[in-house]
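Student: Sharing a model that was predicted from the sequence below.
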Amino acid sequence: MTVTYSSKVANATFFGFHRLLLKWRGSIYKLLYREFIAFAILYTAISMMYRLLLTGAQKRYFEKLSIYCDRYAEQIPVTFVLGFYVTLVVNRWWNQFVNLPWPDRLMFLISSSVHGRDEYGRLLRRTLMRYVNLTSLLIFRSVSTAVFKRFPTIDHVVEAGFMTAEERKLFDHLKSPHLKYWVPFIWFGNLASKARKEGRIRDSVDLQSLMTEMNRYRSWCSLLFGYDWVGIPLVYTQVVTLAVYTFFFACLIGRQFLDPTKGYAGHDLDLYIPIFTLLQFFFYAGWLKVAEQLINPFGEDDDDFETNWCIDRNLQVSLLAVDEMHMSLPKMKKDIYWDDSAAQPPYTLAAADYCIPSFLGSTIQMGLSGSYFPGGEE
Amino acid sequence: MTVTYSSKVANATFFGFHRLLLKWRGSIYKLLYREFIAFAILYTAISMMYRLLLTGAQKRYFEKLSIYCDRYAEQIPVTFVLGFYVTLVVNRWWNQFVNLPWPDRLMFLISSSVHGRDEYGRLLRRTLMRYVNLTSLLIFRSVSTAVFKRFPTIDHVVEAGFMTAEERKLFDHLKSPHLKYWVPFIWFGNLASKARKEGRIRDSVDLQSLMTEMNRYRSWCSLLFGYDWVGIPLVYTQVVTLAVYTFFFACLIGRQFLDPTKGYAGHDLDLYIPIFTLLQFFFYAGWLKVAEQLINPFGEDDDDFETNWCIDRNLQVSLLAVDEMHMSLPKMKKDIYWDDSAAQPPYTLAAADYCIPSFLGSTIQMGLSGSYFPGGEE
Amino acid sequence: MTVTYSSKVANATFFGFHRLLLKWRGSIYKLLYREFIAFAILYTAISMMYRLLLTGAQKRYFEKLSIYCDRYAEQIPVTFVLGFYVTLVVNRWWNQFVNLPWPDRLMFLISSSVHGRDEYGRLLRRTLMRYVNLTSLLIFRSVSTAVFKRFPTIDHVVEAGFMTAEERKLFDHLKSPHLKYWVPFIWFGNLASKARKEGRIRDSVDLQSLMTEMNRYRSWCSLLFGYDWVGIPLVYTQVVTLAVYTFFFACLIGRQFLDPTKGYAGHDLDLYIPIFTLLQFFFYAGWLKVAEQLINPFGEDDDDFETNWCIDRNLQVSLLAVDEMHMSLPKMKKDIYWDDSAAQPPYTLAAADYCIPSFLGSTIQMGLSGSYFPGGEE
Amino acid sequence: MTVTYSSKVANATFFGFHRLLLKWRGSIYKLLYREFIAFAILYTAISMMYRLLLTGAQKRYFEKLSIYCDRYAEQIPVTFVLGFYVTLVVNRWWNQFVNLPWPDRLMFLISSSVHGRDEYGRLLRRTLMRYVNLTSLLIFRSVSTAVFKRFPTIDHVVEAGFMTAEERKLFDHLKSPHLKYWVPFIWFGNLASKARKEGRIRDSVDLQSLMTEMNRYRSWCSLLFGYDWVGIPLVYTQVVTLAVYTFFFACLIGRQFLDPTKGYAGHDLDLYIPIFTLLQFFFYAGWLKVAEQLINPFGEDDDDFETNWCIDRNLQVSLLAVDEMHMSLPKMKKDIYWDDSAAQPPYTLAAADYCIPSFLGSTIQMGLSGSYFPGGEE
Amino acid sequence: MTVTYSSKVANATFFGFHRLLLKWRGSIYKLLYREFIAFAILYTAISMMYRLLLTGAQKRYFEKLSIYCDRYAEQIPVTFVLGFYVTLVVNRWWNQFVNLPWPDRLMFLISSSVHGRDEYGRLLRRTLMRYVNLTSLLIFRSVSTAVFKRFPTIDHVVEAGFMTAEERKLFDHLKSPHLKYWVPFIWFGNLASKARKEGRIRDSVDLQSLMTEMNRYRSWCSLLFGYDWVGIPLVYTQVVTLAVYTFFFACLIGRQFLDPTKGYAGHDLDLYIPIFTLLQFFFYAGWLKVAEQLINPFGEDDDDFETNWCIDRNLQVSLLAVDEMHMSLPKMKKDIYWDDSAAQPPYTLAAADYCIPSFLGSTIQMGLSGSYFPGGEE
C-alpha cells in the first residue's frame, strides 16, 4: 500500500519537508517506535545501573569501558556502508517497479488488430487477454505474499475466473518439475497464430507486433521472478546489519553520561537524556529501515507495491478495452480549431500565470557581429 | 517555469560561475530567504539570552551545553546523506524529463502515412492527433497541479477542444473505477485500424509503425503516472529531513560565541555574527532545497517543468504538421553543391576560427617501423 | 546455489534483519570463520608475546610500535575503497544475471510459427530448440566450473542428448582455432531459412522475428563470455586486497591492549578480548567476501548462479513448449465475466485488507478556484 | 575544439600521466591562471597587511581570526559536494555527446533504398539528405553559440545551401510561436512517402526503416534541445559555487602564516609562500572548472564539441554517400582466402607480438575427475 | 592482452584473493616497480640528508617543515578524488568493451538469407562479410596503436586481403577530407540492395534485418571512434594527477622519521623503513595506475583489448560461417528425449551435487488461513 505524498511536495515552501515529518502511515515513527523503545529501555537500565548500583571502583571501570566504546563507535563507518547499501536497494526496488507487467500495450494491439464483433471474435480477444492476465497472476502468486494470501491454490485462480476448468486440466496435465507460469504464454502464442490462420488477424505484421509485445510482457514477469529468486547476497545484508547493530551496541555503553566531576574530556555535562544519541538512532536505524522496507517490495509493508490492486485493475481494464471498446468509436467531428492553424487552448484564471512565451534556444539573445560569409554567395 | 542559464555558462571564463550567484529567479536566495531569516532570528535570540539574561552559573551551564551540542553537530553525517539522497532525486527528476510525452514522432508518421487531402483525410489525421494529445492531457491533469488548475474538470477539457461532446459521452459511459487516461489511446488504435481497412493507411507495415509509436507514447505517460504514484519512500525523505533539521538545531546552540575570557578551546574570538555557520546554513539547506524543488517537478516551482506550455505547443504543432503540412512539399530544386562533391558550407568572419581540420584518429601521428609483412604477399 | 531469503524480508518487522543474522548457508560466518580463527590466533600470539615474553625495554619498544601502527591503520581508507569496488562488482554480477540466456522467447515463437503437427514438423521444432540449448550449453561449459564438471568433454554433450553424433562430426570438421559456440547458432539460422523455403514458416516476418530473437540469445551468451574473458582489471583487485590486508596487519599490532599503567592515551583499559577489532574484522573482511563471492558468479559458491539447474530447466521446458504444447489449445469457453463489464475478482478473507480504492493521481484532492476560461467558449 | 590526448595515454608508462601535466591547450593552467593570479595577489595583500601594517593588538586579533577561519575552512565539505556535482555534470556532458545527431545511418538507408540513377533520383536523395542536415542545423543554431555565430540568421542558412529559397518561403509561411526545427523533418516524411508512391522506394518495409531512422535522428536533436533548455537546477550550481568560494575566502585569512614566535599550534614555520594552499586552490578550483567547461558543451571552450566541424562533415559525407556512391560498386572479385577456410591475415614485424592464441574460456585448464555419467548412455 | 583470472576466483576460499597477489603479468608490481623505486630512492636521499648532512639548526627547521608537510598531506582528499575518477574511467572502459564490433549477428543473417550455393552466391556473401570486417578494421586502425602497427598503411590492408585492388582505387577516388571508414559500409548497403533486386535476398524483410544489423555494427564502430576522439576532459585528469603527485611530494618530506628524542607528537619511533607510507604509495599509485591502464584500452598494456586477435577471429569465423557453412546442415535426427516429455540430462559424479530441486517462488512455504472467497463461487 504505497504511501503517496507527491501532492504535499509539489511546491518548495517554507521548510517544505516539515509537513512530511507529521505523517504516521509509512513513517519512520511507525516503523521504528518498537526498536526505539527497546533502545531507550536498555539505555536507561544501563544508566540506572551505573548511577545506582555500581560501587566506586566499578564505576571507574565502567567509565573507562564507556570511553573505550565511544572511541570505537566513532570508527564504525555506518554512514558510508548504509549509503552504498541503500543506494543498491533503492535501485533494485525502482527497477522492480518499472518492470511490473501492465497489459495496456497488449490490450491496445488486441483491441485493434484481432477482428470480428461476433461472439467468436469476442471470445478470441477475451481469451487472449485472459492468458495475459493469467501469466502475470501466476508470477505474482510466486513472489508476493499478499497475492499468495488471496490465491493460495490454483483452485482459487480458477474460481476467480482467470482460468477455466478445461484450461486447468490441461495445465495440470503438463509434466514439469519447474514453475509453469509460461504455459498460458505459450497458449497465447498458439492461439494468436491460429487466429492469423483463420484470418481474424489480417496480416503477419500485426501478428508479429502481438508476439513481440507478449514476449516483452513475459520478460517483465520473469524479471520479477528473477528479483525474487536472486536477492542481494545474504552476506552483504549481514555485513550492513552487523555494522549498524554493533554501532548501537557500542553507543549503549559509550554514550552514557559519566560523572562530570571526574573531568573526563567531553563529559562536562549530565543531561540524563542523550538527545543526540537518540536522534542518531532514529537516523541510522531509519536508514536501515528504508532498506528493510524496499528489499522485498512484494510484501505487506506500507510502502510495498499494491499487487492485488494491479491484478484487479488489469483484468477489468483490459477486458473492457478488448471487448466493449472494440471498434466502438465515437463519430468523428471537426474539432474547434479546424480552420485555425494557430490553435491555442484557453487558460483558466487560476492558471493564467502559466501562459508563457516559447523557449527558442539559449543562443537567441546573442548579438550579431561579423555575420556575413566572406566570399559572398560562394 | 524552468530557469535556463545555458547561455551564461557556454564558455568557462574568469570565475565563470560567479555571475550565476547574482540571479534571483530560481535562486537559492529566493528559495531560502525565509528559512534564513527564521534561523538568524532564533540564533540572535539565543545569543541575546546568553549575553544579557543568564546569570553566571546559568552561563557556565549554557557554555557546557553549547560545547556538547557543537561536538555532536559535527558527528551528524549531513553531507553524506544529502549527497546520496539528492543524487537519487536528481536522477528521478531527469528521468521524468526525458519521459515527457512529445507527439513529434507520431505526427511525423501520421502526416506521411495517413493519406488523403480531402476532408475525410484531414478529419482522420486531426482526430488521431487529438487522441494523442488527449491521452497526455489526461495524465498531466492527474500529476501536475499547474495543469489541474487549468483543466479542473473534464468539462474544461471538452471546452478547450481536446475532446468532442460525443467523445465525452462515450468516455463517461465506460464503467471503470480506475483512471481512464487509456481510453483515447484505445480509440486511436481502433481508428487507425479502421483507416487501414479503408485504405487510408496503405500498408500494414505503416500501421505497425503507428501502433508501436503510440504504445511508446502511452508508456511515457504511464511512467509519469508511476513517478507520481510511487515516490521516494516517505521514510527516506524523513530520515534526511530529520538529519538536516537536527543539525541546524544543534548549531543554534553549539555555534554560539562563548565568552572568550573563559578560555574554551576554539572560542578565542567573539565575532557576534557567525559568518561560517550562516554560510553552512545556506549550503546545507540549499542542498536540501534542491531536493524539495525536484522531488515533484510537476508543481509550480521556478524550476518545475512547464507542462501547460507543453500542452499548447504539442497541440498547435501537431495539428499543423498533420493537416496544413500534409503533402505540402516545397518544389525540389538542385542544391548549390549539385556537382561539387566537396561540399563545404562557408563560415562567417565571427566563426572563422571554428574551421578546423578533421580528426582522423589518435594513431595518425605514429611512425612506421617494421611495417612490412614477413612473408611478403602471402 | 543461490541463497534466497526474500520470504524472510517481505515485511519490515521489529529489528527485521536480525533473523538473517542466524542463517548459516551463504552467511558471513560460513565464509569467514577460517579467516577469523586465523586472525584471532595471530592476535593472541602477539598478545601473549607482549605480555609474557618481552622484557621491559622490549615492551616499551613494542608499545611505541603499536601506537605507530594504530595511527596508520586509521589512515587507510578501507571503507571508501571497498565501497567503490564492491559497487562495481555487484553491478557486474547483476548484469550477468539479467543476461543469462533463457530460451522462453524463442520457444514461444517456434511453438507458434513453425507449423506442422507431423513428425517432420516435430523434428524441425525440436531440432531448432536443441540448437538454442546447445549454444548456451557450449558457453556455459566455457565459463562455469560447475557446468564444466558436468560436461567435461564434447562427448558428454553428445551423450546427454544436446548434440547428435552427426552434428558432432560436422562440428569437429569445421576448422577454427577459436571457440565454436556459434556453430549451432549458424545451423539454427540456416535451418530456419530452409523451413521458410519449405513453407513450414509461413511468412518472412515470422522468420525475421525468429532470427532477431536468436541473435538476441547469442548476444546474451557472448556477453557472458565477455564477462568471463575481461574481468575487473587485476590491478584494481590487487589494490583493494592490499588495502584490506594491510589494514588487518596493522591492526594485529596496533590494536593490542597496552599496559594501562603506562598511561598511553586511549589505553586505560585492558579487556583482553578486542571486541571491536574483531567486529571490524568481520565487517571489512565480510565486505571483501561479498566481492570474492560475486566476482565470478559461475563458480560453486553458495551464492553463485545455478547454471546446471538452468540447463535442465531450459531443455525440459523448451522441448515441452515446442512439441507437446504445439497447437494443443484448451477449448475456448466464455469466462465468468462475459457480460459483466465491471469484472472484479474476489478476495479471500486473509487478503481482504488489500482491496483498496484506485489511485487517481496526486492532484485529485485539489480544490477549484478561478476555474473557468476567461473568454468563454472561445 | 576537443582536446584529444588518447594517443598519449595508450600505454601505462613510468609516471604515465606526468606528460599530460605539460600541455597548455585545454589544460588546468590555461583555465585557471587568471583566478590563480587573483587569489595569489589577495593572499599576498593580506599577508603584507598582517606583517607590515597591523599594530600588536591588531595582530593578535588577526591571528585569532585566522585560526577561527582555518578551523571552519576544514569543515566545509568541498570534496564531497564537488564529487557528486561533477559526476552529474560529466554524465550529462557524455550523454550529450552520444546523442549528437549523425546522419550516417540515414545516408546508408537512403543510398541503398531510394532508387534511380537519373536526375530525379539524385534530386530525391540529395533533398532527403539535405532535410536531415537541415533539421540538425536548426537545432545546433539554437543550442550552440559557435554555430549561431556562423549562421546568425535563416538567411545565412539559405545562403550556405542548406535550404532553398522556395523552402524558406514555405518555412516562414508556417505560423507557429514555437521553434520550427521539426519542419524539414515533416517534409522528409512526406517526401519519402511520395517517393514510395512513385516507386522510387520499392517496399513499405524500406520506407519503415527510413521513417524509424529519421525519428531516431529527431529524438537526438530534441534531446540536445532538452539539455539546453532544462539545465542542472540553478540552485544546485549555486550551492556548489558558494561552497567553493566560501572555502577559498576562508583560506585567504585562515591559511596565513602567523608569527611562529607566538606558539600557535601548527604555526611553527613561516614559509611565506603557502605552497599547499596554492596546490589546494589548483585542485579544487580545477575541479570546479571541469564542471564549468562541461556544463554547456556547445560553447567555445577548448573542450567543447566541434559542432561546426560536425555540420561540415555531415553535409559533405552524406551528399557523397547518397549521390556519387549510389550503386557505384566495385566489381566483386574473389578474395585472397577464397579456398582457404583458415583465413589468417599476416602480422607486420612491429606487431608480431600481438599474435596470440585464442581464449577458450576460463574453465579450460580444469582437470577431469568423476567425469562419467552414472547411468551410462541413459 | 587481457589478463584473465576468472578461474582463480570462481570460488570464495580461505583468504581467496591472496593468490592474486602473487601474479606478475598485469599486476600492480609490474606496473609500479619503477615508480616505487624512484620514490624509495628519493625518500632515502632525503632521509640521509636529514640524518647525516644537516646541522642542528637545519635539522630543527627540517623537522618543522616535515610536520607542516605531514599535516597538509592528510588534508589532500586523494581517496575521494580517485574514487570518483576511477569509477568514471572504469565505466568508460567497460562501455568500450561492450561496444566492440562483433560480426556474429551479421554473419548469422548473411549465412541464412543471402541465397545461392553457386560461385556468385559465395562471392556475394564473402564480399558482404568482407565489407563488414573492413569497416571495423578501418576504425581499429584509427584508434588502436596495436592495430596501426600491424596495418600502418592502406597498402597493408589491401595486402592482407581485406580490400581488393579495385576497391582500393574506388576508395581513394572518393574525395573527402574526413575519415572514410564509412565507405565499405555504404558499399555493403548498395550491394545488399542489389542482391535483393537480383533475388538473392528473397524478401524486403530479410533485407531490412540485414540493414538494421549493419547500422548497429557501424554505430559500435563510430562509438569507439567517439571514445577515442572525446576523452575524459584533460583538466579532470590533470586535477587528479596533481592531487596524487602533490600527496606523494608532501609524503616524501612529511613522512620522514624525525629524531625521537625531540619529542614531537607521533614521532616516538624511528623505524628507518616507512612501511606504511610505502604501502600507501602502492595503494594510491596503484589506484591511479588502474586509470592509466584503462583510460585508453586500445593501447598495448597488459590489460588492453586484444584488437588484433579480434580482427583475426572475426575474419576467419565470419568467412567460415557465410561460405562453408551456408546451407550445410547436419541431417536431422530424433533426439534421445523424443518421446520423453520429462527430459532430464544426466549429471557426472563430480557434478552430482548441483542437481537441485526447482525454485518455485519465495511464497511457496506460506501457510493457508482464511483461504476461501467470501461469496462462494461468485
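Tutor: Noted; the coordinates are in hand.
Student: got a list of what the residue of the stretch 151-300 of chain A found nearest chain D touches?
Tutor: In the stretch 151-300 of chain A, the residue that lies nearest chain D is A:Val205 (9.2 Å; Cβ to the nearest Cβ). Just so you know, the C-beta spots here come from the backbone N, C-alpha and C atoms, and that holds for glycine as well. Neighbouring residues of A:Val205 by Cβ atoms under 8 Å, 6 or more residues apart in numbering or on different chains: B:204-205, B:207-208, C:205.
Student: mind listing what's buried in whichever strand or helix holds it?
Tutor: Assessed by DSSP states H and E, A:Val205 sits inside helix A:204-229. For helix A:204-229, the neighbour count (16 or more other Cβ atoms under 10 Å in any protein chain shown) marks A:204-215, A:217-229 as buried.
Student: pLDDT averaged over the next helix-or-strand element following that helix - what is it?
Tutor: Downstream of helix A:204-229, the next assigned helix or strand under DSSP H and E is helix A:234-254. When pLDDT is averaged along helix A:234-254, the result is 89.
Student: Same check on stretch A:102-114?
Tutor: The average of the pLDDT scores along stretch A:102-114 is 95.
Student: State the distance spanning the first to the last residue of stretch A:329-343.
Tutor: With Cα to Cα, to the nearest Å as the measure, the first residue of stretch A:329-343 is 25 Å from its last.
Student: can you pull the contacts of the closest residue to A:Gly299 other than its chain neighbours?
Tutor: Excluding the flanking residues, the one nearest A:Gly299 by Cβ to Cβ, 6 or more residues apart in numbering or on different chains is C:Ala10, at 3.1 Å. Contacts for C:Ala10 (Cβ under 8 Å, 6+ apart) come out as A:145, A:296, A:298-300, E:362.
Student: among those residues, which are in helices?
Tutor: Using DSSP state H, A:Thr145 are the members of the contacts of C:Ala10 that sit in helices.
Student: Chain E contacts on the stretch 1-150 of chain A?
Tutor: Residues of the stretch 1-150 of chain A found near chain E (Cβ under 8 Å from any Cβ of the partner chain) are A:141-145, A:147-149.
Student: ok, of those residues, which one's closest to E:Asp304?
Tutor: Nearest to E:Asp304 among the residues of the stretch 1-150 of chain A next to chain E is A:Val143, at 42.9 Å by Cβ to Cβ.
Student: How about the closest one, nearest residue that isn't a chain neighbour?
Tutor: Distances taken as Cβ to Cβ, 6+ apart place A:Asp228 nearest to A:Val143, at 4.0 Å, with adjacent residues excluded.
Student: The one you found against C:Ser6, yeah?
Tutor: Yes - at 5.1 Å, A:Asp228 and C:Ser6 qualify as touching, with contact defined as Cβ atoms under 8 Å.
Student: which neighbours do those two share?
Tutor: Here A:Asp228 and C:Ser6 have A:143, A:296, E:362 as joint contacts, going by Cβ under 8 Å, 6+ apart.
Student: closest to A:Asp70 among the residues you listed?
Tutor: A:Asn296 (35.5 Å).
Student: check contacts around the closest one.
Tutor: When contacts are taken as Cβ under 8 Å, 6+ apart, A:Asn296 is in contact with A:228, A:231, A:304, C:6-7, C:9-10, E:362.
Student: Need the distance between the two termini of stretch A:302-312.
Tutor: End-to-end distance of stretch A:302-312: 19 Å, with Cα to Cα as the criterion.
Student: what's the pLDDT at the residue nearest to A:Val143?
Tutor: A:Asp228 is assigned 89 on the pLDDT scale.
Student: ditto for A:Asp270
Tutor: 85.
Student: Excluding chain neighbours, what is closest to A:Glu324?
Tutor: Nearest in space to A:Glu324, with sequence neighbours left out and distances taken as Cβ to Cβ, 6+ apart, is C:Ser341 at 5.5 Å.
Student: what about that neighbour, how many neighbours?
Tutor: C:Ser341 has 14 neighbours, counted by other Cβ atoms under 10 Å in any protein chain shown.
Student: OK, contacts around it?
Tutor: Contacts of C:Ser341 by Cβ under 8 Å, 6+ apart are A:319-320, A:323-324, B:175.
Student: now the helices: where do they sit in the stretch 51-200 of chain A?
Tutor: With DSSP state H, counting those that start in this stretch as the criterion, the stretch 51-200 of chain A has helices at A:56-75, A:78-98, A:104-113, A:119-143, A:145-150, A:154-159, A:165-173, A:183-197.
Student: what's next to the third one, contact-wise?
Tutor: To tie it back to what came earlier, the one meant is helix A:104-113. Counting by Cβ under 8 Å, 6+ apart, helix A:104-113 makes contact with A:125, A:128-129, A:132, A:201-202, A:206, A:209-210, A:213-214, A:216-217, A:317-318, A:321-322, A:325-326, B:182, B:185-186, B:189-190, B:192-193, B:211, B:214-215, B:218-219, B:222, all of which sit outside it.
Student: buried ones in that helix?
Tutor: Counting neighbours by 16+ other Cβ under 10 Å, one finds that the buried residues in helix A:104-113 are A:104-113.
Student: same check, this time on the longest one
Tutor: Of the residues in helix A:119-143, those with enough neighbours to count as buried (16+ other Cβ under 10 Å) are A:121-143.
Student: pLDDT averaged over it - what is it?
Tutor: Averaging pLDDT along helix A:119-143 gives 94.
Student: hmm, back to that, so which two of the contacts of A:Val205 are the farthest from each other?
Tutor: Spatial extent of those (Cβ to Cβ) is set by the pair B:Leu207 and C:Val205 at 13.2 Å.
Student: who's in contact with the residue nearest to A:Val143?
Tutor: Contacts of A:Asp228 (Cβ under 8 Å, 6+ apart): A:142-143, A:296, A:298, C:4, C:6, E:361-362.
Student: Can you give me the neighbour number for A:Gly40?
Tutor: No, residue A:40 isn't Gly; it's Ala. For A:Ala40, the neighbour count with other Cβ under 10 Å is 14.
Student: I'd like the distance between it and A:Lys194.
Tutor: Distance, A:Ala40 to A:Lys194, by Cβ to Cβ, to the nearest Å: 67 Å.
Student: Same question for A:Thr237.
Tutor: Distance, A:Thr237 to A:Lys194, using Cβ to Cβ: 48 Å.
Student: So which of the two has more stuff around it?
Tutor: With neighbours defined as other Cβ under 10 Å, A:Thr237 and A:Lys194 compare such that A:Thr237 has more, 24 against 15.
Student: Just to check, the more buried one is in contact with C:Leu20?
Tutor: Yes - at 5.8 Å, A:Thr237 counts as touching C:Leu20 under the criterion of Cβ under 8 Å.
Student: shared neighbours of the two, anything?
Tutor: Common contacts of A:Thr237 and C:Leu20 (Cβ under 8 Å, 6+ apart): C:Tyr5.
Student: quick one, phi psi at the closest residue to chain D within chain A?
Tutor: Of all residues in chain A, the one sitting closest to chain D is A:Gly361 (2.5 Å; Cβ to the nearest Cβ). Here is the backbone geometry of A:Gly361 (degrees, to the nearest 10): phi 110, psi 150.
Student: Now for the residue nearest to it when sequence neighbours are not counted: which residues touch it?
Tutor: In this structure, A:Gly361 finds its nearest non-sequential neighbour in D:Ser142, 2.5 Å apart by Cβ to Cβ, 6+ apart. Taking Cβ under 8 Å, 6+ apart, we find D:Ser142 in contact with A:360-364, D:148, D:179, D:181, D:225, D:228.
Student: Which entries within these meet the buried criterion?
Tutor: The buried subset of these - by 16+ other Cβ under 10 Å - is A:360-363, D:148, D:179, D:181, D:225, D:228.
Student: ok, so of the residues you listed, who is nearest E:Glu292?
Tutor: Top of the list for closeness to E:Glu292, among the buried ones among the contacts of D:Ser142 and by Cβ to Cβ, is D:Asp228 at 34.6 Å.
Student: Tell me the spacing between the closest residue to A:Ala343 other than its chain neighbours and chain E.
Tutor: Nearest residue to A:Ala343 in three dimensions, chain neighbours excluded: A:Tyr337, at 3.8 Å (Cβ to Cβ, 6+ apart). According to Cβ to the nearest Cβ, to the nearest Å, A:Tyr337 and chain E sit 38 Å apart.
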